[in-house]
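Enquirer: how would this look folded up:
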Amino acid sequence: MSVAAPTSVIVEPARRLRGRLRVPGDKSISHRYALLAALAGGTSTIDGYSTGADCGSTLRCLRELGVEIAKTAKNDGTSAVTVAGRGLGGLSRPARMLDAGNSGTTMRLLAGILAGHPFDAVLTGDASLQRRPMRRIIEPLERMGGRVEADGGRPPLRIRGGSLNGTTYVPAVASAQVKSAVLLAGLHARGVTRVREPAPTRDHTERALEAFGVPIDTGDGAVAVAGGSPLRPLALMVPGDPSSAAFWAVAAAAVPDSDVTIEGVGLNPTRTAFLDVLSRAGAAIEVHVEDNSGGEPSGEIRIRSGSLRNLVIGAAEVPSLIDELPVLGALAAHGPAVEVGGASELRHKESDRITALAAGLRAIGVRVEERPDGFRAERAGVPQGGAADAAGDHRLAMAFAVAGLAGAGPSVIHGAGATDVSYPGFFSALDSLHA
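Expert: You can find the predicted model right below:
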């Protein structure tokens, strides 16, 4: 692999992939640990905090809200973060707009927290984030008594915080970020706040709240939290990000004669559906749970290539695969047809991930039928390679790299620098696996 331009990378075809590696700290968990540590009554330490730009945005916003945070780079490439908690409701009025960068998680979860603080704050982000819809958090926060102003339901969000009341909320679309925003607002509300999801989503917020000492009620098909529950400070370890591990899992499953082991990765069952999908497609997968710190299981995944079968992924599976769908689509470059439906949510991520994924896979040599809520991808012969545009989207940049491994010739990924959002060093890790 060689670099063609500062944000363009050439991906060479792979004969096989071999090796062991670690992935960055889990983004979802890192966000939540930092936010809850800021609300705790004392100082927390978070080891293995994600080195991605999105999680850096959360720390930057918390500092603007008066939270003292120290971040230390470690020799193993991870980072450790110390957060001096301000206590529940103890954040300070910011002197300027809060910039969430490219991070939808930062914006949505922090909006829930700020809705219960007695001051005004403005949450903004980069051009991509300002195009993303926020009505799904605005509606429940206003139902609880918060006031959120947004032009067309998109950022910037002006949050006029104050007194909140508990509610029972049933989101129209299953979303861990919406659920989390409502529960975090519920910490600052009078009474009990419940969220009843139409389908299960990742449960990192519930696990983290319990670790910080907040009682969680999961009866009657809902998740509930009582307002005013104090949070205790903790020493925490963030496991490796399974959504980052998914790129190596798909690559190892698809490239013949491959054998890749991912160490120290999170194995929360709400995040590992992609392993079930790859097993269904014919990959050989071994999983070993080795730790359960903070209520989050982690351990080792070994993936070996297999003779892969076609995949059909329907709406019922989408909530548990939403971040992994781009790389599962890239599997089509290696042989099996991949069909995804019920995934219109993909159109509202860092890019329109359906249109941009289809365009990039076609550029590499995969035949793609784009649909309103998904796509069907299959190859007609070996892809010849080409130039794919990541459209400023970190997951597409990595998905196109995985697709490019199947080419008869090299592929160029334009906008490859977007990987720094979640996985700095992704392409160096890819180099290390070329056997």
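
Enquirer: and Asn262, what are its bridge partners?
Expert: Not Asn; residue 262 is Ile. Leu21, Ile301 (DSSP bridges).

Enquirer: how much space separates it from Met134?
Expert: 34 Å (C-beta to C-beta, to the nearest Å). Backbone N, C-alpha and C define where each C-beta goes, glycine included.

Enquirer: where does the protein have low pLDDT?
Expert: 1-6, 76-77, 435 (pLDDT under 70).

Enquirer: in it, what residue sits furthest out from the centroid?
Expert: In the chain, counting by C-alpha atoms, centre = their mean, Gly381 sits farthest out from the average C-alpha position, at 32.9 Å.

Enquirer: nearest residue to that residue other than its sequence neighbours?
Expert: Gly365 (8.0 Å; C-beta to C-beta, 6 or more residues apart in numbering).

Enquirer: what does Ser244 give?
Expert: Spatially, and ignoring its direct neighbours in sequence, Ser244 is nearest to Val23 (4.0 Å; C-beta to C-beta, 6+ apart).

Enquirer: ditto for Ala95
Expert: Glu64 (7.2 Å).

Enquirer: tell me the contacts of the one you found?
Expert: Pro94, Ala95, Arg96, Leu98 (C-beta atoms under 8 Å, 6 or more residues apart in numbering).

Enquirer: how is the chain partitioned into domains?
Expert: The chain is divided into the following domains under automatic domain parsing: 3-24+239-433, 27-237.

Enquirer: neighbours around Pro215, how many?
Expert: The number of residues packed around Pro215, counting by other C-beta atoms under 10 Å, is 10.

Enquirer: would you check that Leu109 makes contact with His31?
Expert: Yes - with contact taken as C-beta atoms under 8 Å, Leu109 and His31 are classed as touching, separated by 6.3 Å.

Enquirer: picking up where we left off before, in three-state terms, label the residue farthest from the centre of the chain for me.
Expert: coil (DSSP: H, G, I helix; E, B strand; the rest coil).

Enquirer: phi, psi of it?
Expert: phi 90, psi 180 (degrees, to the nearest 10).

Enquirer: now swap in the one 3 residues further on and tell me
Expert: The phi/psi pair for Gln384 (degrees, to the nearest 10) reads phi -90, psi -10.

Enquirer: distance of it relative to Ala251?
Expert: From Gln384 to Ala251 the distance is 19 Å (C-beta to C-beta).

Enquirer: which one of the two is surrounded by more residues?
Expert: Ala251 (27 against 12).

Enquirer: spatially, which residue comes closest to the more buried one, not counting chain neighbours?
Expert: Using C-beta to C-beta, 6+ apart, the nearest residue to Ala251 is Val402, at 4.9 Å.

Enquirer: what of Arg63?
Expert: Ile69 (5.6 Å).

Enquirer: hang on, the one you found in a strand?
Expert: Yes - when three-state DSSP is applied, Ile69 is found to be in a strand.

Enquirer: is it bridged to anything, and to what?
Expert: Bridge pairing for Ile69 - DSSP bridges - gives Val83.

Enquirer: how many other residues sit next to it?
Expert: 17.

Enquirer: surely it is in contact with Val81?
Expert: Yes - using C-beta under 8 Å as the test, Ile69 is close enough to Val81 to be in contact (6.4 Å).

Enquirer: now for those two: what residues contact both?
Expert: With C-beta under 8 Å, 6+ apart, Ile69 and Val81 have common neighbours Ala34, Leu59.

Enquirer: tally up the residues packed near Gly329, please.
Expert: 33.

Enquirer: before we move on, what about Ala70?
Expert: Count around Ala70 with other C-beta under 10 Å applied: 12.

Enquirer: could you do Ser307 as well?
Expert: Using other C-beta under 10 Å: Ser307 sits among 10 other residues.

Enquirer: double-check that it belongs to a strand.
Expert: No - under the criterion used here (three-state DSSP), Ser307 is coil, not part of a strand.

Enquirer: quick one: contacts for it?
Expert: Counting by C-beta under 8 Å, 6+ apart, the residues that Ser307 touches are Gly282.

Enquirer: for Glu12, see how far away Leu311 is.
Expert: 26 Å.

Enquirer: sorry, back to before: the residue nearest to Gly381 reaches Ala387, doesn't it?
Expert: No - using C-beta under 8 Å, Gly365 is not in contact with Ala387; the gap is 11.1 Å.

Enquirer: the two: who's more crowded?
Expert: Taking neighbours as other C-beta under 10 Å, Gly365 and Ala387 compare with Gly365 leading, 22 against 16.

Enquirer: how about the contacts made by the more buried one?
Expert: Gly365 sits in contact with Ala333, Arg379, Gly381, Val382, Pro383, Gln384, Gly385, Gly386, Gly407, where contact means C-beta under 8 Å, 6+ apart.

Enquirer: from those residues, which single one is nearest Glu142?
Expert: Ala333 (44.5 Å; C-beta to C-beta).

Enquirer: wait, the closest one sits on Pro383?
Expert: Yes - look at Ala333 against Pro383 with C-beta under 8 Å: they come within range, at 5.2 Å.

Enquirer: which other helices and strands does whichever strand or helix holds Phe274 contact?
Expert: Here Phe274 sits within helix 273-281, counting by DSSP states H and E. Here helix 273-281 touches helix 242-254, strand 284-291, strand 311-313, going by 3 or more C-beta pairs under 8 Å, 6 or more residues apart in numbering; DSSP states H and E.

Enquirer: that older thread, overlap in contacts of Ala333 and Pro383?
Expert: With C-beta under 8 Å, 6+ apart as the test, Ala333 and Pro383 both reach Ile364, Gly365, Val366, Ala403, Ala406, Gly407.

Enquirer: the last one: neighbour count?
Expert: What it means is Gly407. 20.
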